[in-house]
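1. quick one: sequence and predicted model below, then my questions.
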Protein chains: 2
Amino acid sequence: MSRSARPGTRREILEAAAGLFAAGGFRGTSLQDIATAVGCSKAALLYHFDGKDTILSELLAPAVAAFRELDARLAVLDDRAVRLAAVEGFVDLVLRFRREVVILYHDIQDLLRSMAFAGVQEMTDRLLDALAGRSPEPEARTAALLVLGGVPAACAASGGLEGSGIRGDLVRSAARALGLPAD
Amino acid sequence: MSRSARPGTRREILEAAAGLFAAGGFRGTSLQDIATAVGCSKAALLYHFDGKDTILSELLAPAVAAFRELDARLAVLDDRAVRLAAVEGFVDLVLRFRREVVILYHDIQDLLRSMAFAGVQEMTDRLLDALAGRSPEPEARTAALLVLGGVPAACAASGGLEGSGIRGDLVRSAARALGLPAD
DNA sequence: TCAGGTTCTGACCGATCGGACAGTTTCCGG
DNA sequence: CCGGAAACTGTCCGATCGGTCAGAACCTGA
């Protein structure tokens, strides 16, 4: 039975699409853009993938899985521990999946929707409460929203993302300086 | 000579467009979307404005003017004062023009380009240096990038923006807690 | 009442999008 | 060398985009 599906091509397409999506957004990148970057025809992309949406979702799959895993871990913790672990774990995941977050960040609605797992949802709710001024501890609120907003922005602004110099301990020290223990 | 141009209509269009652009981005909002929100035909929009781009630029004009004014003020200050004033002034302007920043924030490239005035450019350069790890004072760097990224994200996440509860003194206290004097 | 400008509409246009499809090339086991 | 699956291309399609245009509706001052 033949050698069935050269895996390199799919990887190549996903890699090119990831870069283009991160730079120009999902809507701002056409299939022809990806095809040109890869060096094949637009139809070839649709041979390997069911559609543009499939390319995106396959691209984000590892990140989504990681956030689901975080969600599962947080589900077994009590309320206070959940909140603290959510900050720590969220920052870690954002840093680990910088490019994916940047892609989602081009449409904040999609980002928040992708975070709509139970545990991370609580984190998001607390952020929204803070933004609406319905939560105490102003420094903690500010720290949370800055961490949420700043890391994706940092990834986006740094361009290539690789070698951006952003490290988790920097963000953690910032959260700590704002009165929110992160370890 | 007639009563010439009812000003309310243009205002109404700009207001509707601002809300839709902030919620769904410039690319994600069609002329038909705006027309539906206003309650008129798509062609009516193009009677009042030269095109979709014109609606956006007219919408952003006050914000752009304010950033230019900040730029002019910063131009006459020495280096250290420039940097401190840039942080303070930038945060103030971002807070004052929340919705406009959110619109620009849907495409970070456009945002950075809109900040490309001499004084604000220095601020941006320092941020980019910080992101690339080419600058000392890690806490100050982190604070700067969090302020840059967090405030627009906060505005976007809060939805309607009005009554979001985000106040300049909160952001300033965060910057201060991070070791970056802001007053 | 009527002439004329303002305001607005419905229909249409070219461009571009994601996607479908038939046919062609490439490659490899037998 | 050959047959067939895999990989790929060129071409076409419907939908939607921003934008144009001729004409209808509306209002106002004479």
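-> That came in fine, so what should we check first? Residues are numbered from 1 along each chain as shown, chains lettered A, B, ... in the order given.
2. the helix or strand hosting A:Ala17: which residues count as buried?
-> Here A:Ala17 sits within helix A:7-24, counting by DSSP states H and E. Neighbour-count burial for helix A:7-24 flags A:12-14, A:16-24 (criterion: 16 or more other C-beta atoms under 10 Å in any protein chain shown). (Each C-beta comes from the backbone N, C-alpha and C, glycine too.)
3. mind checking what helix or strand follows that helix in sequence?
-> Helix A:7-24 is succeeded, C-terminally, by helix A:31-38 (DSSP H and E).
4. by contact count, what packs against that next one?
-> helix A:7-24, helix A:42-48 (3 or more C-beta pairs under 8 Å, 6 or more residues apart in numbering or on different chains; DSSP states H and E).
5. which of those comes out lowest on mean pLDDT?
-> For these, the weakest mean pLDDT is recorded on helix A:7-24, namely a mean of 88.
6. which elements pack onto it?
-> Counting contacts by 3+ C-beta pairs under 8 Å, 6+ apart, helix A:7-24 packs against helix A:31-38, helix A:42-48, helix A:52-75, helix A:98-105.
7. just those: most buried one?
-> Highest mean neighbour count among these (mean count of other C-beta atoms under 10 Å in any protein chain shown): helix A:98-105, with a mean of 24.
8. the helix holding A:Ala17 close to DNA strand D?
-> Yes - if you take C-beta under 7 Å from any atom of the strand as the test, helix A:7-24 does meet DNA strand D, through A:Thr9.
9. quick one: that helix to helix A:31-38, angle?
-> Computed by axes from the mean of the first three to the mean of the last three C-alpha atoms, to 10 degrees, the angle separating helix A:7-24 from helix A:31-38 equals 120 degrees.
10. ok, and does helix A:7-24 reach over to DNA strand C?
-> No - with C-beta under 7 Å from any atom of the strand as the criterion, DNA strand C is not reached by helix A:7-24; the gap is at least 10.3 Å.
11. returning to that earlier point: among the helices and strands packed on helix A:7-24, which comes closest to DNA strand D?
-> Proximity to DNA strand D, assessed across the helices and strands packed on helix A:7-24 by C-beta to the nearest atom of the strand, is greatest for helix A:42-48 (2.9 Å).
12. show me the contacts for the nearest residue to A:Glu58 once chain neighbours are set aside.
-> Excluding the flanking residues, the one nearest A:Glu58 by C-beta to C-beta, 6 or more residues apart in numbering or on different chains is A:Leu14, at 6.5 Å. A:Leu14 is in contact with A:55, A:58-59, counting by C-beta atoms under 8 Å, 6 or more residues apart in numbering or on different chains.
13. from chain B, how far off is A:Leu14?
-> 22 Å (C-beta to the nearest C-beta, to the nearest Å).
14. again with A:Ile55
-> 19 Å.
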